[in-house]
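A.B. asks: Structure for the following, please:
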Amino acid sequence: QLQLVESGGGLVQPGGSLRLSCAASGGTLDYYAIGWFRQAPGKEREGVSCISSRGGRSNYADSVKGRFTISRDNAKNTVYLQMNSLKPEDTAVYYCAASLIVGLCVLRSSPYDDWGQGTQVTVSS
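C.D. replies: This is a model prediction of the structure:
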């Protein structure tokens with residue numbers, strides 16, 4: 001059973017940066033497509049970014065393009081989400097999720113089977 005643990009969230013001022021980590025145990029993360037999602041209070045969960053297995057493809061929500069970057073470190077069995085130029089509207093709980101579907105990189109929740117517990121990101125002055 002793949003287990004995912006997110007970390008790296010916190011309080012940051014607008015314009016600042018954070019790097020979220022999604023560390024895996026119980027499986028080799030390079031075989032999995034990984035999605036990052038977020039959910040703000042009172043709002044539906046939305047897809048932020050994804051990367052296909054073996055890192056062949058990545059995708060971003062329009063709201064974060066040019067500011068967020070997804071990447072893998074296979075040696076650490078970890079996927080990262082580098083978030084720059086953060087805005088108050090980026091405030092949310094961020095989750096990573098994994099799927100074994102080959103070639104997958106989508107920003108909807110349904111294909112992803114394994115989820116982390118989330119990490120809070122708060123952007124405020």
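A.B. asks: Can you get me the centre-to-centre distance for stretch 4-20 and its chain?
C.D. replies: 11 Å (CA atoms, centre = their mean, to the nearest Å).
A.B. asks: I'd like the average pLDDT over that stretch.
C.D. replies: Stretch 4-20 comes out with an average pLDDT of 98.
A.B. asks: So which residues make contact with that stretch?
C.D. replies: 21-25, 36, 80-88, 93-98, 114-125 (CB atoms under 8 Å, 6 or more residues apart in numbering). No exception for glycine: its C-beta is placed from N, CA and C like everyone else's.
A.B. asks: Need the three-state assignment for Leu86.
C.D. replies: Per DSSP: H, G, I helix; E, B strand; the rest coil, the secondary structure class of Leu86 is coil.
A.B. asks: name the element the residue positioned nearest the centre of the chain belongs to?
C.D. replies: The centroid of the chain falls nearest to Trp36 when counting by CA atoms, centre = their mean (2.5 Å). Assigned by DSSP states H and E, Trp36 belongs to strand 33-39.
A.B. asks: Pull that strand out as PDB, backbone CA atoms only.
C.D. replies: What follows is strand 33-39, C-alpha atoms only, in PDB (Å, rounded to 0.1, in the frame of the first residue of the first chain):
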ATOM      1  CA  ALA A  33       1.600   9.700 -11.800                       C
ATOM      2  CA  ILE A  34       1.400  12.300  -9.200                       C
ATOM      3  CA  GLY A  35      -1.100  15.100  -8.800                       C
ATOM      4  CA  TRP A  36      -1.100  18.100  -6.500                       C
ATOM      5  CA  PHE A  37      -4.500  19.300  -5.400                       C
ATOM      6  CA  ARG A  38      -5.700  22.000  -3.100                       C
ATOM      7  CA  GLN A  39      -8.900  22.800  -1.200                       C
END
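A.B. asks: so what strands line up beside it?
C.D. replies: strand 46-51 (antiparallel), strand 92-99 (antiparallel) (DSSP bridges).
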